[in-house]
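In: sharing a sequence plus its predicted fold:
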Amino acid sequence: MSHLLTRRAAFGGLGALSVTTPAWAADDTVTWYISQIDAEQAEAAGRAFTAQYPGIKVEVVRVTGQVAFQRLQMDIRNNTPHCDVFSASDISHMAVLKDQGALTPYQATNAQGLGPVYRALSDDGWYYVNDAARFVLIRNTNRVTEAQAPKTWTDLLDPRWKGQIACAHPAFSGGMGTWVLAITKTYGWTYFEKLAANNPRIGRSAVDPVTLLTAGECLVSPTFGPAAYHGIDKGSPIAVSQAQDGAVVIVLPSAIPARAPHPGAARLFLEWLLSDEYARRVSAVGSDPIRLGVPPRPGIPALDTGKVIQLTVAEIRAGVPEITEKWRDTFGS
């Protein structure tokens, strides 16, 4: 039976949430535009939320980061709001949406548990970092030994890998856009001119390289760490290496769009995305822990043990469109 819960009853399970948060209907649906994790993991996360808050169904719309942003922008232009929570793989999308007046202001209580770096990267009251993970180097373990495996980003330029590299496309994958920009900042665009000479296999999503390496169609890849670890957990013949010449961290934020159809349920879902439970879920498949007290996946070194290639939100916002056009010119796609 549909009914409205009081603020106290609705949010008792999350502790002291914002008193301005409206009640949610027990038969609400949260429409989640998500590019941060693959469809399988997103659906599992949605079911876990519903199990904790029965009656609130999560409708997962999982597409690549740039496509999710374009879809949300189309909703805004057409005045047809569908999305309740937007989880981006390009943090600069949030800055654009805020400037457009396209976000709902909300003070998320669970943001208080974020580590200082991730709290600083959030825009309190507008959007919050709910996940963060690195691009890594991966190899097919059946055909590439640990000794043969690339150890640095520049190792991918070795002609031995011609026709054997898989990667995503920055016009579709928000994480790939950030990685390309970070590598360009470090090595210049000549890096990608040399990479193009190795004729990489280019898909859309950062999940695609895992599929290609699992099938043995490619041997090595720069790709999103959690996608690789998820493949390993499912039995894929893949191994992960951290690039010795600099980690590229993809910072992944979430927010509630303006005019979200189910604002009360959206606030509850956003708080859940910022909870220990969700942080442990994504850390288990290779994300960097963003909340204090949440452990990393065993075997993943702490970020402060090596070099990190750092980018600001402003650099990503200005740079990704430019490098995407350069990518098309260089790779012909």
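Out: Yep, it's here.

In: and residue 139, helix, strand or coil?
Out: Under the three-state scheme (DSSP: H, G, I helix; E, B strand; the rest coil), residue 139 adopts strand.

In: nearest residue to the middle of the protein?
Out: Relative to the mean C-alpha position of the chain, the nearest C-alpha, by C-alpha atoms, centre = their mean, is the one of residue 36, at 2.8 Å.

In: got the contact list for that one?
Out: With contacts defined as C-beta atoms under 8 Å, 6 or more residues apart in numbering, residue 36 is in contact with 87, 88, 89, 130, 131, 252, 282. Any C-beta I mention is one placed from the backbone N, CA and C, and that applies to glycine too.

In: could you tell me whether the fifth one really is in a helix?
Out: No - counting by three-state DSSP, residue 131 falls outside a helix, being strand.

In: compute the number of surrounding residues for it.
Out: Using other C-beta atoms under 10 Å, residue 131 has 26 neighbouring residues.

In: so it makes contact with residue 282?
Out: Yes - here residue 131 reaches residue 282: they are 5.2 Å apart, a contact under C-beta atoms under 8 Å.

In: so what sits against both of these two?
Out: With C-beta under 8 Å, 6+ apart as the test, residue 131 and residue 282 both reach 36, 37.

In: quickly find the element holding the residue nearest to the centre of the chain.
Out: Assigned by DSSP states H and E, residue 36 belongs to no helix or strand.

In: in the stretch 51-200 of the chain, where is pLDDT below threshold?
Out: Applying pLDDT under 70 to the stretch 51-200 of the chain flags no residue at all.

In: re earlier: what about the spatially closest residue to the residue nearest to the centre of the chain that is not a sequence neighbour, which SS state?
Out: Excluding its sequence neighbours, the residue lying closest to residue 36 (C-beta to C-beta, 6 or more residues apart in numbering) is residue 252, at 4.5 Å. Taken by three-state DSSP, the conformation at residue 252 corresponds to strand.

In: show me the domain layout of the chain.
Out: Here the chain is described, according to automatic domain parsing, as comprising the domains 7-132+251-283, 133-249+302-331.

In: could I get those as a markdown table with distance to residue 294?
Out: A markdown table is the format used below for the domains of the chain (distance: least, C-beta to C-beta, whole Å):
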| stretch | distance to residue 294 |
| --- | --- |
| domain 7-132+251-283 | 4 |
| domain 133-249+302-331 | 13 |
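
In: figure out which of the ones you listed is closest to residue 295.
Out: Across the domains of the chain, residue 295 has its closest neighbour in domain 7-132+251-283 (6.8 Å, C-beta to C-beta).

In: contacts only, for residue 288.
Out: Each residue near residue 288 by C-beta under 8 Å, 6+ apart is listed here: 132, 133, 134, 249, 296, 300, 303.

In: from residue 36, how far out is the closest residue to the fifth one other than its chain neighbours?
Out: Put plainly, it is residue 296. Spatial nearest neighbour of residue 296, excluding adjacent residues (C-beta to C-beta, 6+ apart): residue 289 at 5.4 Å. Residue 289 sits at a distance of 15 Å from residue 36 (criterion: C-beta to C-beta, to the nearest Å).

In: now the buried members of the contacts of residue 288.
Out: Buried subset of the contacts of residue 288 (neighbour count, 16 or more other C-beta atoms under 10 Å): 132, 133, 134, 249, 300, 303.

In: circling back to that earlier point, which pair of the contacts of residue 36 spans the longest distance?
Out: Across the contacts of residue 36 (C-beta to C-beta), the longest gap, 14.6 Å, separates 88 and 282.

In: sorry, back to before: which ones among the contacts of residue 288 lie within strands?
Out: Among the contacts of residue 288, DSSP state E puts 132, 133, 134, 249 in strands.

In: and the helices in the stretch 101-250 of the chain, which stretches?
Out: For the stretch 101-250 of the chain, the helices defined by DSSP state H, counting those that start in this stretch cover 116-121, 174-187, 190-197, 208-214, 225-233.

In: so which of those helices gets nearest residue 75?
Out: When the helices of the stretch 101-250 of the chain are compared (using C-beta to C-beta), the closest one is helix 174-187, at 17.7 Å.

In: tell me what the closest one is packed against?
Out: For helix 174-187, the packing partners by 3 or more C-beta pairs under 8 Å, 6 or more residues apart in numbering; DSSP states H and E come out as helix 65-77, helix 190-197, strand 248-255, helix 313-331.

In: list the contacts of the first one.
Out: Meaning helix 65-77. Taking C-beta under 8 Å, 6+ apart as the rule, helix 65-77 contacts 33-35, 61, 63, 81-83, 86, 88-90, 93, 97, 100, 102, 170-175, 177, 257-258.

In: work out the gap between stretch 122-140 and the centre of the chain.
Out: Stretch 122-140 sits 5 Å away from the centroid of its parent chain (C-alpha atoms, centre = their mean, to the nearest Å).

In: got it, and stretch 183-198?
Out: Relative to its parent chain, stretch 183-198 has a centroid offset of 23 Å by C-alpha atoms, centre = their mean.

In: again with stretch 266-276
Out: Mean C-alpha position of stretch 266-276 versus that of the full chain (C-alpha atoms, centre = their mean) differs by 16 Å.

In: and stretch 241-249, by the same measure?
Out: 17 Å.
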